[in-house]
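In: Sharing a model that was predicted from the sequence below.
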Amino acid sequence: MINAKDLYLTYDSNKYIIKRGNFSIKEREFVFIGGNSGSGKSTLLKSFYGDIPIKHGSLKIANQEVFKIKGNNLRYLRKDIGVIFQDYKLINDYTIEENIMIPLKINNYSDEVSRLQADNLLKHVKLSHRKGFYPNQLSGGEQQRVAVARALAHNPKIIIADEPTGNLDDFNADVVWNLLKGANEQLGITVVVVTHRVPKNLGINFRQLSIEDGIIYEVS
Ligand SMILES: Nc1ncnc2c1ncn2[C@@H]1O[C@H](COP(=O)(O)OP(=O)(O)OP(=O)(O)O)[C@@H](O)[C@H]1O
């Protein structure tokens, strides 16, 4: 699903953030990426959806060579990917239902189908009763559940999450881990998560990678 060969990533060509990256992540795998602050974890995740200015080597996501994709065609890559951030990145001017509809609209789903899908996902993340609320009327844990629903909305093959529980207490972190586990187990979605806190007792098989001095290591 994700294949990197001699992957190099840099923002300004003076210093490579990722060097000689060789790894692969198979369909349906659940993978954690660790490493010290500033080691390049977010940079690596960004490269998965084509958001790095300078890159060398090969990076294939769902059989698409990311580095060959030009401009507007990135939307075809992003069709396969759902992204979750530590700070939720919901749009405050939109209701939570409308937030979940965004990836559906981008991918040309009709209004009717988008609304239906958003409402099903709101039910899935147990927020149907908040449908017309705006993000700033929700707790952090609730906002992250909306972000998970938005990431799932367009039926992606891969979910990429950057410290998805970084702002959450243990209870809300567990809710998010269970949603990601469900996406992996029940929907067969490949999940790649950057985290400092690998959850205990996740209850599924997972693999761990770590980044040190720009080099990606297999931990387990
Ligand atoms: N847009 C950017 N332009 C230039 N340099 C950047 C940019 N974003 C990140 N960097 C640099 O790249 C390096 C890796 O940053 P990155 O955010 O990938 O690390 P990280 O492992 O995710 O860190 P953290 O755990 O603190 O979030 C850092 O030295 C950072 O300063």
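Out: Here it is on my side, so go on.
In: mind checking which helix or strand the spatially closest residue to residue 135 that is not a sequence neighbour is in?
Out: Spatially, and ignoring its direct neighbours in sequence, residue 135 is nearest to residue 90 (4.0 Å; C-beta to C-beta, 6 or more residues apart in numbering). Every C-beta, even on glycine, is put in place using the N, C-alpha and C of the backbone. Under the criterion DSSP states H and E, no helix or strand holds residue 90.
In: From the contact counts, what lies against the longest helix seen in the chain?
Out: If you go by DSSP state H, the chain has its longest helix at helix 170-187. The contact analysis (3 or more C-beta pairs under 8 Å, 6 or more residues apart in numbering; DSSP states H and E) places helix 170-187 against strand 30-35, helix 140-152, strand 158-162, strand 190-194.
In: Show me where the protein has its helices.
Out: So, for the chain - with DSSP H - the helices run 41-48, 74-78, 96-106, 111-124, 140-152, 170-187.
In: Let me know which of the ones you listed is tucked in deepest.
Out: Of all those, helix 140-152 has the most neighbours on average by mean count of other C-beta atoms under 10 Å, namely a mean of 24.
In: now for that helix, which elements pack on it?
Out: strand 81-85, helix 96-106, helix 111-124, strand 158-162, helix 170-187.
In: chain center to that helix: distance?
Out: 11 Å (C-alpha atoms, centre = their mean, to the nearest Å).
In: hmm, who's touching that helix?
Out: 82-85, 88-90, 96, 99-100, 102-103, 118, 121-122, 124-127, 130, 135, 138, 159, 161, 164-165, 167-169, 171-172, 175-176, 179-180, 183, 187, 189 (C-beta atoms under 8 Å, 6 or more residues apart in numbering).
In: related to what we said a few turns ago, is it correct that the residue nearest to residue 135 is in contact with residue 96?
Out: Yes. With contact defined as C-beta atoms under 8 Å, residue 90 and residue 96 form a contacting pair (7.2 Å).
In: which residues does residue 54 contact?
Out: 9, 10, 11, 12, 13.
In: Export the longest helix of the chain to PDB, keeping only CA atoms.
Out: Only the C-alpha atoms of helix 170-187 are listed here, as PDB (Å, rounded to 0.1, in the frame of the first residue of the first chain):
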ATOM      1  CA  ASP A 170      -6.900   8.900  28.500                       C
ATOM      2  CA  PHE A 171     -10.700   8.300  28.200                       C
ATOM      3  CA  ASN A 172     -11.000  10.300  24.900                       C
ATOM      4  CA  ALA A 173      -7.700   8.900  23.600                       C
ATOM      5  CA  ASP A 174      -9.200   5.400  24.100                       C
ATOM      6  CA  VAL A 175     -12.300   6.400  22.100                       C
ATOM      7  CA  VAL A 176     -10.100   7.500  19.200                       C
ATOM      8  CA  TRP A 177      -7.900   4.400  19.300                       C
ATOM      9  CA  ASN A 178     -11.000   2.200  19.200                       C
ATOM     10  CA  LEU A 179     -12.400   4.200  16.200                       C
ATOM     11  CA  LEU A 180      -9.100   3.700  14.400                       C
ATOM     12  CA  LYS A 181      -8.900   0.100  15.400                       C
ATOM     13  CA  GLY A 182     -12.500  -0.400  14.000                       C
ATOM     14  CA  ALA A 183     -11.600   1.300  10.700                       C
ATOM     15  CA  ASN A 184      -8.600  -1.100  10.400                       C
ATOM     16  CA  GLU A 185     -10.400  -4.300  11.500                       C
ATOM     17  CA  GLN A 186     -13.800  -3.800  10.100                       C
ATOM     18  CA  LEU A 187     -13.300  -1.700   7.100                       C
END
